[in-house]
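Engineer: Provided below are the primary sequence and the corresponding predicted coordinates.
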Amino acid sequence: MMLTVAAAFKAVMQTVRDLGTETVPFETATGRILREPVLADRPFPPFDRVTMDGIAVSYDSFARGQHIFGVEDIQAAGTPQLQLSNTANCIEVMTGAILPEMTDTVIPYEHLTPSEHEGFRRFTVHKSVKYGQNIHRKGSDTDIGAELIKPGTLIGPAEAGVLATVGKTRVRVSKQPRVVLIATGDELVPVHATPEVHQVRMSNVYSMLASLEHMGIKASYVHLKDEEEEMRAQLQAMLQDTDIWISSGAVSAGRFDYLPEVLQQLGMQQVFHKVQQRPGKPFLFGTFENGPVVFALPGNPVSGFMCFYRYVQPWIQAATAAVVKEPEYAELAQKVIFDAELEYYLPVKLHSQPDGRVIATPQPYQGSGDLGSLLKADAFLTLPLEENVFEKGSCYQVWRFR
């Protein structure tokens, strides 16, 4: 029985299992999924921080009408806190420095006129001054112990900076899934080879390798010939120590499509085979007890590419406890008619408009074998099977791959 996309997706997500955690140096954690809260080890900022180069004064002196301040000292960033001894004077301060004691306001150099009298440096204020200006107050960003990064966050450049700021030298992250990509077919030759007229270079696994690389995941791959016994032997040898198999091809109804039968002979429990969608209808999904989950994707490149982003990526995100982004939607740029009883995933180019709308423009598309059609597209637009006519301006969910 052919499942709807919703039913197939639900069945896939019901097989998700936690892949566990590991602790790594924070320098190598970028691209990984955080599995512990990261807390502030002290207030942020940890002191009253000067935000402009200039002078620090006591505001009361300015409020009483004083506009000329003699310089007692200079407070540089990274030096211990100084103290103003006479509130009729000032201390020069640099951006990032701790605010000197007995001062409460910073006046930038741009609002000052410097002068010198008998070797004594002083500044005349020629702009208005507000109490407490140009000071980043201690603890104004966050208190000690506050949660700065939530578990499930993808660690990127901003998160790496926060980890360094709080001294989190080692961090607990999700283990990476152990993924094997499986290319099938006698027609495939290595990328460096010159194919005969009846052959093609291996490409689908490289698209998926790149997709996994964007998720911070390294994968290995094998090429299986259309020979049943050899296929069985190679797959049997890979059953241990893997979490996910992602195959390309050999899942339809051709005479040499041995993969579904071989997988079941090896003990795979088939969850479904065929989904009410285009592209990607002959999609096989199954599980091994105490073994990998199997995403057996169609061999046509656009079909496999779409299925990866619609099914494989969400499974990995759930298995690694990643926080999933809110669904995205876009507005059709033109009317589309699709009269098959299938959920249609249309390659589209996305254009952001000044009013905040995102417009999806369908790209020329010659079917699921047209890998080149993806070069000008950013996402697949979901056109539900309940409809046949999709009007310009109507909104539907998009699955980004760029």
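Structural biologist: Happy to help now that I have it.
Engineer: for the stretch 201-350 of the chain, what spans make up the strands?
Structural biologist: Assigned by DSSP state E, counting those that start in this stretch, the strands in the stretch 201-350 of the chain fall at 219-224, 244-248, 269-273, 277-278, 284-287, 293-297, 328-332, 336-337, 343-352.
Engineer: closest to residue 84 out of these?
Structural biologist: strand 343-352 (51.5 Å; Cβ to Cβ). No exception for glycine: its C-beta is placed from N, CA and C like everyone else's.
Engineer: Could you spell out the sheet neighbours of that closest one, each with its direction?
Structural biologist: strand 277-278 (parallel), strand 358-362 (antiparallel), strand 379-383 (antiparallel) (DSSP bridges).
Engineer: What angle do strand 328-332 and that strand make with each other?
Structural biologist: Between strand 343-352 and strand 328-332, the angle comes out at 90 degrees (axes from the mean of the first three to the mean of the last three Cα atoms, to 10 degrees).
Engineer: Give the burial count for the residue nearest to residue 167 when sequence neighbours are not counted, as a bare number.
Structural biologist: Distance criterion Cβ to Cβ, 6 or more residues apart in numbering; nearest residue to residue 167, sequence neighbours excluded, is residue 41 at 6.0 Å. Residues contacting residue 41 under the criterion other Cβ atoms under 10 Å number 14.
Engineer: likewise residue 114?
Structural biologist: So residue 114, with other Cβ under 10 Å, has 11 neighbours.
Engineer: Just the pLDDT at the nearest residue to it once chain neighbours are set aside, thanks.
Structural biologist: Spatial nearest neighbour of residue 114, chain neighbours left out: residue 123 (5.6 Å); criterion: Cβ to Cβ, 6+ apart. We note a pLDDT of 97 for residue 123 in this prediction.
Engineer: where in the stretch 151-300 of the chain is pLDDT low?
Structural biologist: Scanning the stretch 151-300 of the chain for pLDDT under 70 picks out the ranges 250, 253-256.
Engineer: how close does the residue positioned nearest the centre of the chain get to residue 160?
Structural biologist: Closest to where the C-alpha atoms of the chain average out (Cα atoms, centre = their mean) is residue 154, at 6.0 Å. Separation of residue 154 from residue 160 (Cβ to Cβ, to the nearest Å): 11 Å.
Engineer: before we move on, which element is the closest residue in space to residue 318 that isn't next to it in sequence in?
Structural biologist: Distances taken as Cβ to Cβ, 6+ apart put residue 16 closest to residue 318, at 4.4 Å, once the chain neighbours are dropped. Take DSSP states H and E as the rule and residue 16 turns out to sit in neither a helix nor a strand.
Engineer: Okay, now the sheet partners of the helix or strand where the residue nearest to residue 114 lies, with direction.
Structural biologist: Residue 123 is part of strand 120-125 when elements are defined by DSSP H and E. Strand 120-125 has its sheet partners listed here by DSSP bridges as strand 68-75 (antiparallel), strand 112-117 (antiparallel).
Engineer: would you turn those strands into JSON lines with distance to residue 196 and mean pLDDT?
Structural biologist: Shown next, in JSON lines, are the strands paired with strand 120-125 (distance: least, Cβ to Cβ, whole Å; pLDDT from 0 to 100):
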{"stretch": "strand 68-75", "distance to residue 196": "76", "mean pLDDT": "97"}
{"stretch": "strand 112-117", "distance to residue 196": "79", "mean pLDDT": "93"}
